[in-house]
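In: starting from these lines, generate the structure:
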Amino acid sequence: MHDVDLAERRERVTMLRDSAAALVPADGDLRRVRAWRFAGNGLDAQAWALVCEMGWPGLRLAEEQGGSGLGLCEYVALLEELGKGLAPEPLNEVACLVSLLPAEWREPVLRGERLVLPGHGAGLVADHQGRLLGQAKVSLGKAAHGWLLMNEDSAWLVDAQGLEGQALATQDGGHVLALALNGVPAQRLASSPEQLRRVRDEAALGVAAYLLGCMQGAFARTLDYLKVRKQFGREIGSFQALQHRMVDLHIQIELSRALVEETAACLDRSVAPGEAQRRIYATRVQAGDAALRVCREAIQLHGAIGYTDEADIGLFLRRVLVAASAWGTQGGYRQGYARLIAEEAFNG
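Out: Now for the predicted structure:
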């Protein structure tokens, strides 16, 4: 029975990877990505409708709630494929928070009729009338119908209609909406700190998977470039020094892949919360560091043209710089990992 389950899971993973071609052209064409840089509210409505039509926002959601009930192994495989083509759609943000939404919001979100995006706040508190005070930032917040704002132990749903914030442009062509909340009506969600921690942990793993895809896309383009660019009458890919650099980058990619896939498999087996967090923190740090290194060196290996905005290779670093700060920073995950290790040593 176990072999049958494993074969079915592999088949689902393959199908999801193949389905990503709907947003990620096989030839690596990034014209759609370029077209949506700094454009409108940052969301390609047609592409997002396709995402919802394929049921991706509900991949992790239980079937009785209208989702597919799939595991993290399938989920991270899809995000990896989307990362290869720098797909800008906020799938990870929506798929991780949809389980927290009340039915009247969850169902239209799954159908693509509404969009709710997560925000992370500073000093978020609700007054005695249930109105929200504090500050928050929401990636692509201008495109959303609602914002799900979180602190460490609470979450509130805010209807974005009629509300405004300051849109701050990000390097990848999107934006972050900065919100100053002065008594905004909000619905406090019935979510426990454990549920919120799980949402943040799974989102962090999703970011790591997306970053894995980004570094693979950058690596593949660089490898192709080294095979055609010539100096001194030879393809520069034949130079041993450059081959060694590419090997080092490939090792970083494979280390990241191993951690992403193993962590997803462990969480699907429902390991203890402490072990799950430790694995997620380690995976997130490795993927973030590796993606930044791979994309920076990919630009260097392209030479001077790699630093121009016309060169597609630069889009990978810009996207990674933004994605690597989603759901927490590299430094924050390092500190979290160190804290968990110290706690294990103290309690062991």
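
In: so which bits of the stretch of helix or strand residue 11 belongs to are buried?
Out: Element membership of residue 11, judged by DSSP states H and E, is helix 2-19. Judged by neighbour count using 16 or more other CB atoms under 10 Å, the buried positions of helix 2-19 are 9, 12-13, 16-17. For glycine as for every other residue, the C-beta is placed from the backbone atoms N, C-alpha and C.

In: name the nearest of the residues you listed relative to residue 238.
Out: Here the nearest of the buried residues of helix 2-19 to residue 238, counting by CB to CB, is residue 17; it sits at 32.0 Å.

In: gap between that closest one and residue 309?
Out: Between residue 17 and residue 309 the distance is 30 Å, computed by CB to CB, to the nearest Å.

In: residue 23 now?
Out: According to CB to CB, residue 23 and residue 309 sit 23 Å apart.

In: who has more neighbours out of these two?
Out: For residue 23 and residue 309, the more surrounded residue by other CB atoms under 10 Å is residue 23, and the numbers stand at 23 against 10.

In: checking the nearest residue to residue 203 once chain neighbours are set aside next. Helix, strand or coil?
Out: Spatial nearest neighbour of residue 203, excluding adjacent residues (CB to CB, 6 or more residues apart in numbering): residue 96 at 4.2 Å. With DSSP: H, G, I helix; E, B strand; the rest coil as the basis, residue 96 sits in helix.

In: buried sites along the helix ranked longest in the chain?
Out: Ranked by residue count and defined by DSSP state H, the top helix of the chain is helix 193-228. Residues of helix 193-228 classed as buried under the neighbour-count rule (16+ other CB under 10 Å) are 196, 198-219, 221-222, 225-226.

In: state the next helix or strand along the chain beyond the lowest-mean-pLDDT helix or strand in the chain.
Out: Ranked by mean pLDDT, DSSP states H and E, the weakest helix or strand in the chain is strand 230-231, scoring a mean of 76. Using DSSP H and E, the helix or strand that follows strand 230-231 towards the C-terminus is strand 234-235.

In: strand partners of the least confident helix or strand of the chain, parallel vs antiparallel please.
Out: For strand 230-231, the paired strands and their directions (DSSP bridges) are strand 234-235 (antiparallel).

In: so how far is the strand it pairs with off the chain centroid?
Out: 37 Å (CA atoms, centre = their mean, to the nearest Å).

In: could I get the full set of helices for the stretch 151-300 of the chain?
Out: 193-228, 240-268, 273-301 (DSSP state H, counting those that start in this stretch).

In: including mean pLDDT and distance to residue 104, could those go into TSV?
Out: Output for the helices of the stretch 151-300 of the chain, formatted as TSV (pLDDT from 0 to 100; distance: least, CB to CB, whole Å):
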stretch	mean pLDDT	distance to residue 104
helix 193-228	95	19
helix 240-268	96	29
helix 273-301	95	31
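
In: any idea of the angle the helix holding residue 11 forms with helix 240-268?
Out: Taking axes from the mean of the first three to the mean of the last three CA atoms, to 10 degrees, helix 2-19 and helix 240-268 form an angle of 120 degrees between their directions.

In: which non-adjacent residue is nearest the residue nearest the centre of the chain?
Out: Central residue of the chain (CA atoms, centre = their mean): residue 207, 3.3 Å from the mean position. Leaving aside its chain neighbours, residue 207 sits nearest to residue 326 (5.2 Å; criterion: CB to CB, 6+ apart).

In: need phi/psi at that neighbour.
Out: Dihedral angles of residue 326 (phi, psi; degrees, to the nearest 10) stand at phi -80, psi 140.

In: this completes my enquiry, with thanks.
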